[in-house]
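A.B. asks: Dropping the sequence and predicted coords here.
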Amino acid sequence: MSSNSLNSQNMKLEVVVLPVSDVDKAKDFYKTLGWRLDADFVTDEDFRVVQLTPPGSEASIIFGSGVTLAAPGSVQGLYLIVYDIEAARAELVERGVEVSEVFHDVGGVFHHAGTEGRVPGPDPQRRDYASFASFSDPDGNGWLLQEVKERAPGR
């Protein structure tokens, strides 16, 4: 099989599994964000699957009981792409979410891990992909808002 034939098939990322300690608390948090509840299945006392989808997204999150062995809060660097970083941040704050101030990275390309290299305020040139804000779910799974007004070619 040639490498070209591998690339001819679409492969869409559709689900990210999040490790959480309290399924109902996590479900309430993500519903507070305005995310659509797609499913909440319980098959027995040890297995429950909850799926939610952010507005406008083709990808969803899943969490529950018995769906992952990862430690609660161990997933970091989940991106939510938004058109207007300040408006998106303000909406989350209105919904009661603790969100960082908008920032850009000292290097100007991508942000450093954690809070290293954060410069307050949006990117001075308001370049796409360069302004961020962050928040975490109740377990500490880390999310980033990233402003993109015009996608780079091929994206």
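C.D. replies: The structure has been received and is ready for your questions. Residues are numbered from 1 along each chain as shown.

A.B. asks: mind listing what Arg118 touches?
C.D. replies: Arg118 makes contacts with Phe103, His104, Asp105, Val106, His111, His112, as judged by C-beta atoms under 8 Å, 6 or more residues apart in numbering. (Glycine included, C-beta is placed from N, CA and C.)

A.B. asks: what do you get if the cut-off is 10 Å, keeping everything else the same?
C.D. replies: Arg118 makes contacts with Ser100, Glu101, Val102, Phe103, His104, Asp105, Val106, His111, His112, Phe132, Ser134, as judged by C-beta atoms under 10 Å, 6 or more residues apart in numbering.

A.B. asks: Please indicate which of the residues you listed are buried?
C.D. replies: Neighbour-count burial within the contacts of Arg118 applies to Ser100, Val102, Phe103, His104, Asp105, His111, Phe132, Ser134; the criterion is 16 or more other C-beta atoms under 10 Å.

A.B. asks: Next, count neighbours for Tyr83.
C.D. replies: A total of 11 residues lie near Tyr83 under the criterion other C-beta atoms under 10 Å.
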